[in-house]
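*Asks:* Attaching a predicted model along with its sequence, questions to come.
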Amino acid sequence: MLDDPSACVQSQPAFWVNAKTEIVPLNTGPGIIIGRLFTRDDFQAVDRFCIVGNLPRAMMSSLTEGYWGAYLAILPSEDNRTWLLFRDPSGQLPVYRYETPDHIFFSSDVGLLTEIGLLRPEIDWQALYEHLQMPTVRRARTCLSAITEVSPGALIPAVEGAEPVERIWSPWDHSSPDPYPSFEEAAALLRSSVLGCISAWSAACGTLVVPVSGGLDSSIVCAALAAAGRDFQCMTIATRDPSGDERSYARQLANYFGVRLIECQYDIDWVDPHASAAAHLPRPVMKPFVQATRHAFVAAATSAGARTIFDGNGGDNVFCFLHSSAPIADRLMREGPRREVLHTLSDVSRVTGCPMPLLARMVIKQTMRRKRVQPSPKISFLNEAYPPFDLCEPLSPFLKAPCERQRGKVAHMALILAIQNLVEGYDRSALVGLFSPLLSQPIVETCLAIPSWHWCRNGVNRSVARSAFESLLPPQVVSRISKAGPDSFVHEIFRTYRFVIREILLDGSLAAHGVLDRPQVEAAFQTDDHALGERLYTILDLVDAENWAQSWLARSHAAHVFA
């Protein structure tokens, strides 16, 4: 792709892409963009990127300011001696890196590297222990040796041991502008951004399926699809226990939009206790019940004749669903001791259920504290005597705030970063694609620009989003603040496979490599599932991690046999 290949020390790159993958060439000079690209001003798909500037930073700044999507940009360095890669800030397109003595490979699917004989996968047990300690902190280092993830929003040179040349995009560039938008302005901006993004993504998808619960986030996705005139159907999954049955809410929503609702019920036979829903990924980031969820999704998509599912995942995160006193502290530090701060104090009290005097004391502590609070590691069932190691840097190191005065905004960013582990889609062998449009770059940037205290206005969570879509949704959805979940099904999984799970963990690779505290795990199985509380979910996370490890160990063995 270089004008003069002989001027480049690195050999010409080669690209292998799916026939349906979009390629956007640069309008002048070498370089391409792999993936979907849309214009910022009118949310239209583009087939050519018009460069502003001729240096990599200027070009990528032009890209992030004028365009958005799910893409990987590849362009030559300023001196034409190597190639630079830029992964879009949303991280919607996976990009992993693998180095050999002779080559550097980038792939959206690590399994492909194994299947074509480039990689014999090995588990990085230290990285796996680190991941299980802090599963919401995504790191560049994956749980497979020699596989790293390319950081979204940063220029990366395609050379050995490369570090980012420069971070082009940062959420702090979009956080709390001065002057910040009023509540009404924020609602209008959010509505415009969500409608535009979902219209753009859905334009070429044909019939879509939207999993719904009658809750706010998935309902907003439906509202945006309806506003764009798209063909979609809804589906909902219920538990046998009434606590996880939201079919009545889902029916109201489907009736409002005049679309079909596909109903199904969780089935324990859809869960294989020896399988992992994350077997195609370089980290164990899924829950065992996700197997059942995806089984139902595929069945619904097949029934609807759809190839793509749009879900509402990430809505709580981008719409700043905080249970924290931080918005009060933000407003106090931004506006000073005004009457409006008391309004926010009352709002947060209603959202959290925490008494106002206690919240006030918490705010005082926050405003006086200088040191940033670090996330606490999870230690339940993990071996505390595991050999010490240095923590790897986060993939997106944005929580090292340039402004300690915006604790609510730091918490908001932490929410957005935490959801990344949970929205990686199906593997390529699946019949349908899964996509979370609420994590699109323009939506995230719009939400970051909204002050944290707007989101809890009038004592209601995600208040800006509710206001933005109140005219496009039934009133019962806009006002609904509760939400059910598959908790009863999760308990059913544990009770049904209790002895199988016990054997998997006690005799598995995690225990053999010192990751687990075997006596603590063994003691847990002498306890009733309800008495375990949150630890039950940790046990199931560990089961999925063990099954994930076994899947990669099997691939490693197969690669050795056929080598």
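*Replies:* Cool, got the structure. Residues are numbered from 1 along each chain as shown.

*Asks:* Show me what the longest helix anywhere in the chain is packed against.
*Replies:* Secondary structure of the chain per DSSP state H: the longest helix is helix 535-561. Packed against helix 535-561 by the contact rule (3 or more CB pairs under 8 Å, 6 or more residues apart in numbering; DSSP states H and E) you find helix 110-115, helix 125-133, helix 487-496, helix 498-506, helix 509-512, helix 518-524. In short, each C-beta sits where N, CA and C put it, glycine included.

*Asks:* For those helices, give me CSV that also has mean neighbour count and mean pLDDT.
*Replies:* CSV is the format used below for the helices and strands packed on helix 535-561 (neighbours: other CB atoms under 10 Å; pLDDT from 0 to 100):
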stretch, mean neighbour count, mean pLDDT
helix 110-115, 18, 89
helix 125-133, 20, 94
helix 487-496, 18, 95
helix 498-506, 16, 96
helix 509-512, 19, 96
helix 518-524, 15, 94
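
*Asks:* any chance of the ones you listed in TSV, plus distance to residue 88?
*Replies:* Formatted as TSV, the helices and strands packed on helix 535-561 follow (distance: least, CB to CB, whole Å):
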stretch	distance to residue 88
helix 110-115	19
helix 125-133	24
helix 487-496	34
helix 498-506	38
helix 509-512	34
helix 518-524	40
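
*Asks:* Out of the ones you listed, flag the one nearest residue 323.
*Replies:* Proximity to residue 323 (CB to CB) singles out helix 487-496 among those, at 18.1 Å.

*Asks:* for that closest one, packing partners?
*Replies:* Applying 3+ CB pairs under 8 Å, 6+ apart, we find helix 487-496 packed against helix 529-532, helix 535-561.

*Asks:* just checking, residue 57 touches residue 154?
*Replies:* No. The criterion here is CB atoms under 8 Å, and residue 57 misses it with residue 154 at 11.1 Å.

*Asks:* which residues do the two both contact?
*Replies:* Contact criterion CB atoms under 8 Å, 6 or more residues apart in numbering; residues shared by residue 57 and residue 154: 166, 168.

*Asks:* hang on, the earlier thing: who wins for proximity to residue 410 among the helices and strands packed on helix 487-496?
*Replies:* The closest of the helices and strands packed on helix 487-496 to residue 410 is helix 535-561. By CB to CB, the value is 25.5 Å.

*Asks:* Looking at residue 57 and residue 154 now, which is surrounded by more residues?
*Replies:* Higher neighbour count among residue 57 and residue 154: residue 154, with 22 against 15, using other CB atoms under 10 Å.

*Asks:* how about the more buried one, phi and psi?
*Replies:* With angles defined as degrees, to the nearest 10, residue 154 sits at phi -130, psi 150.

*Asks:* per-residue pLDDT, it?
*Replies:* pLDDT, residue 154: 89.

*Asks:* Isn't it up against residue 86?
*Replies:* Yes. Using CB under 8 Å, residue 154 is in contact with residue 86, at 7.4 Å.

*Asks:* and residue 106, what helix or strand is that in?
*Replies:* Using DSSP states H and E, residue 106 falls within strand 104-107.

*Asks:* name the helices or strands packed onto that strand?
*Replies:* If contacts are counted by 3+ CB pairs under 8 Å, 6+ apart, strand 104-107 sits against strand 96-99.

*Asks:* what residue ranges in the stretch 1-150 of the chain score low on pLDDT?
*Replies:* Where the stretch 1-150 of the chain drops to pLDDT under 70, the residues are 1-12, 19, 28-29, 51-54.

*Asks:* mind listing the strands for it?
*Replies:* Listed in chain order, the strands of the stretch 1-150 of the chain (DSSP state E, counting those that start in this stretch) span 23-25, 32-39, 67-76, 83-87, 96-99, 104-107, 147-149.

*Asks:* now residue 281, what's its secondary structure?
*Replies:* Taking DSSP: H, G, I helix; E, B strand; the rest coil as the rule, one finds residue 281 in the coil state.

*Asks:* Would you confirm that it contacts residue 424?
*Replies:* Yes. The pair residue 281 and residue 424 qualifies as a contact (CB under 8 Å) at a distance of 5.9 Å.

*Asks:* Contacts only, for the residue nearest the centre of the chain.
*Replies:* The chain has residue 420 as the residue nearest its centroid, 2.1 Å off, counting by CA atoms, centre = their mean. Going by CB under 8 Å, 6+ apart, residue 420 touches 91, 138, 395.

*Asks:* how about TSV for these, with distance to residue 406 added?
*Replies:* Converted to TSV, the contacts of residue 420 look like this (distance: CB to CB, whole Å):
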residue	distance to residue 406
91	22
138	22
395	22
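
*Asks:* Neighbour-wise, which one of those leads?
*Replies:* Busiest of these [other CB under 10 Å] is residue 91, holding 23 neighbours.

*Asks:* quick one, what contacts residue 187?
*Replies:* The neighbours of residue 187, taking CB under 8 Å, 6+ apart as the test, are 464, 467-468.

*Asks:* So residue 439 is in contact with residue 92, correct?
*Replies:* Yes. Here residue 439 reaches residue 92: they are 6.7 Å apart, a contact under CB under 8 Å.

*Asks:* Neighbour count: the two, which is higher?
*Replies:* Taking neighbours as other CB under 10 Å, residue 439 and residue 92 compare with residue 92 leading, 25 against 22.

*Asks:* The nearest residue to the more buried one once chain neighbours are set aside: neighbour count?
*Replies:* Take residue 92 and drop its neighbours on the chain: the residue closest to it by CB to CB, 6 or more residues apart in numbering is residue 70, 3.5 Å away. A count of nearby residues for residue 70, using other CB under 10 Å, gives 22.

*Asks:* quick one: residue 70 and residue 90 touch, right?
*Replies:* Yes. With contact defined as CB under 8 Å, residue 70 counts as touching residue 90 (6.7 Å).

*Asks:* Report the rounded mean pLDDT for stretch 200-218.
*Replies:* 94.

*Asks:* Make 15 the starting number, not 1.
*Replies:* Got it, first residue is 15 now, which makes that one stretch 214-232.

*Asks:* Quick one: end-to-end distance for it.
*Replies:* End-to-end distance for stretch 214-232: 17 Å, by CA to CA, to the nearest Å.

*Asks:* mind listing what residue 339 touches?
*Replies:* Residues near residue 339 by CB under 8 Å, 6+ apart: 362, 366, 368, 373, 376-377, 380.

*Asks:* mind listing the strands for the stretch 365-514 of the chain?
*Replies:* Secondary structure of the stretch 365-514 of the chain (DSSP E, counting those that start in this stretch): strands at 447-449.

*Asks:* which intervals of it have sub-threshold pLDDT?
*Replies:* Counting by pLDDT under 70, the stretch 365-514 of the chain contains low-confidence residues at 383-390, 413-419, 439-444.

*Asks:* Now do the helices in it.
*Replies:* Counting by DSSP state H, counting those that start in this stretch, the stretch 365-514 of the chain has helices at residues 370-382, 421-432, 455-462, 477-482, 489-492, 501-510, 512-520.

*Asks:* Same list (these) but as JSON lines, adding distance to residue 236.
*Replies:* Below are the helices of the stretch 365-514 of the chain laid out as JSON lines (distance: least, CB to CB, whole Å):
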{"stretch": "helix 370-382", "distance to residue 236": "35"}
{"stretch": "helix 421-432", "distance to residue 236": "22"}
{"stretch": "helix 455-462", "distance to residue 236": "16"}
{"stretch": "helix 477-482", "distance to residue 236": "14"}
{"stretch": "helix 489-492", "distance to residue 236": "9"}
{"stretch": "helix 501-510", "distance to residue 236": "24"}
{"stretch": "helix 512-520", "distance to residue 236": "37"}
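
*Asks:* Thanks a lot, catch you later.
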